[in-house]
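[1] attaching a predicted model along with its sequence, questions to come.
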Amino acid sequence: MPSVPTIALFVLPALILYTVFMVYPLVQALIFSTFEFNGLVRGDFVGLHNFQELFTRYPLNEQLPRAFGHNVAFFIGTMTIQTSLGLLFARLLHRPRFGKRFFRTVFTMPYLISPIVVGYLWRLMLNPLFGPVNNTLRDVGLGDLAKPWLGDPATALPTVILVNAWMWVGFPMLLFGAGLAGIEDDLREAARIDGASDWRIFRHIELPLLTPVIGIVTVLTFIGNFNAFGIVWSLAGADGPPAGATDVLGLVFYRTAFAGGPDAFGLASALAVLMFLFIFTVSVGVQTWFRRLEDKLQ
């Protein structure tokens, strides 16, 4: 068994990186949130005043609730689409099939690309004048459906959600694929001998055993969606157009930090602290709930 100094030696590099890139920025944000700070010069200590300003100062008092609601919709929409499709694709590609590696690569490639690149790519494809999406609709006789997808408040956020789900669908597919591969084939064969259909095998054997994977996908999707910035910024813009229809907390943080003013970074740091506390609390709660559900199913 390795000695304690040996274990510490292997853990130390990761611990240093985690402290520098995770713990230190969080502590700094907490400190900045209690000061009047413009990003260059730290002013007077203001305590919790910056937190109060987030909910009382215009336009933050209007933008934050709206952006929070959009983040909730962003998470629900993305989670529903990418989890359903990811599980479907993982199930279809679980058994040896022709082109299995090809399709697995195709589905996983989008999330390996930078969200900024994906956003600009889809922004061009959805262009109302020369974008291939609207041009294809016109070519097949569905010109009435062609519209400025990112310019209409009714379709802007759903469009961003669809693009985000398209980008990340390969990630849950890989996790579900690994989960399915970890289920012993003896369980499936025993069920088939008893006359169970493929649907019953999936519903009563595979799906319950995938509960830990579903929990991981839920937590990671929640964290990613409530930290969303790049995909929304590159698709719609920093102001969350049109008319704030695509505004999310990441964009509010960005605008607040770089808006100028003596307390810009202090306000942005306060928002970052609140976002961290909310995301951390919900993530721990979701993980706890899934662990209890897993224990009940076992």
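    It's in. Numbering: from 1, shown residues only.

[2] by contact count, what packs against the helix or strand where A268 lies?
    Element membership of A268 [criterion: DSSP states H and E] is helix 264-297. Applying 3 or more Cβ pairs under 8 Å, 6 or more residues apart in numbering; DSSP states H and E, one finds that helix 264-297 contacts helix 24-32, strand 35-37, helix 49-56, helix 211-226, helix 249-257. C-beta: built from backbone N, CA, C; applies to glycine.

[3] any low-confidence regions in the stretch 151-298 of the chain?
    Across the stretch 151-298 of the chain, the ranges flagged by pLDDT under 70 are 298.

[4] what's the neighbour count on F21?
    10 (other Cβ atoms under 10 Å).

[5] next, it: secondary structure please.
    Following DSSP: H, G, I helix; E, B strand; the rest coil, the label given to F21 is helix.

[6] and the pLDDT for it?
    If you check F21, the pLDDT there is 92.

[7] please begin residue numbering at 59 from this point
    That works, and once the first residue is 59, the last one we named lands at F79.

[8] contacting residues for it?
    Under the criterion of Cβ atoms under 8 Å, 6 or more residues apart in numbering, F79 has no contact partners.

[9] coming back round to it: report the angle between the helix holding A326 and helix 107-114.
    Counting by axes from the mean of the first three to the mean of the last three Cα atoms, to 10 degrees, helix 322-355 points 80 degrees away from the direction of helix 107-114.

[10] list the buried residues in helix 322-355.
    322-333, 337, 341, 348 (16 or more other Cβ atoms under 10 Å).

[11] likewise stretch 232-252?
    By 16+ other Cβ under 10 Å, the buried positions in stretch 232-252 come out as L232, L233, F234, G235, G237, L238, R246, A249.

[12] could you dump the helices and strands packed on helix 322-355 to TSV with mean neighbour count and distance to R153?
    Below are these laid out as TSV (neighbours: other Cβ atoms under 10 Å; distance: least, Cβ to Cβ, whole Å):
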stretch	mean neighbour count	distance to R153
helix 82-90	14	45
strand 93-95	20	57
helix 107-114	16	52
helix 269-284	19	18
helix 307-315	21	40
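
[13] isn't K205 up against P211?
    No - the pair K205 / P211 is not scored as a contact, 11.7 Å apart, by Cβ atoms under 8 Å.

[14] using the three-state scheme, assign the closest residue in space to G209 that isn't next to it in sequence.
    Spatial nearest neighbour of G209, excluding adjacent residues (Cβ to Cβ, 6 or more residues apart in numbering): P300 at 5.6 Å. Following three-state DSSP, the label given to P300 is coil.

[15] quick one: contacts for P300?
    So P300 contacts L208, G209, D210, P211, A214 (Cβ under 8 Å, 6+ apart).

[16] for D102, which three-state class applies?
    State at D102, reduced to three classes by three-state DSSP: strand.

[17] follow-up on the earlier one: looking at K205 and P211, which is more packed in?
    Using other Cβ under 10 Å as the criterion, K205 and P211 rank with K205 on top: 15 against 12.

[18] which secondary structure element contains that one?
    Here K205 is assigned to no helix or strand, by DSSP H and E.

[19] among the buried residues of stretch 232-252, which are in helices?
    Among those, DSSP state H puts L232, L233, F234, G235, G237, L238, R246, A249 in helices.

[20] ignoring the adjacent residues along the chain, who's closest to the fourth one?
    Excluding the flanking residues, the one nearest G235 by Cβ to Cβ, 6+ apart is A148, at 4.3 Å.

[21] before we move on, the earlier item: I134: which of the helices and strands packed on helix 322-355 is closest?
    helix 269-284 (8.9 Å; Cβ to Cβ).

[22] how about F156, what does it touch?
    Here F156 is in contact with no residue (Cβ under 8 Å, 6+ apart).

[23] surely it is in a strand?
    No - read with three-state DSSP, F156 is coil and lies in no strand.

[24] and it, backbone torsions?
    Note on F156: its backbone torsions stand at phi -70, psi 130 [degrees, to the nearest 10].

[25] and it, how close does it get to D243?
    Using Cβ to Cβ, to the nearest Å, we find F156 at a distance of 21 Å from D243.

[26] repeat for Q86
    Distance from Q86 to D243, by Cβ to Cβ: 51 Å.

[27] repeat for P190
    Separation of P190 from D243 (Cβ to Cβ) stands at 43 Å.

[28] ditto for L73
    40 Å.

[29] likewise for A294?
    A294 is 47 Å from D243, by Cβ to Cβ.

[30] report the contact partners of T304.
    Here T304 is in contact with H128, L208, A214, L215, V218, V290, L293, A294, G295, G298 (criterion: Cβ under 8 Å, 6+ apart).
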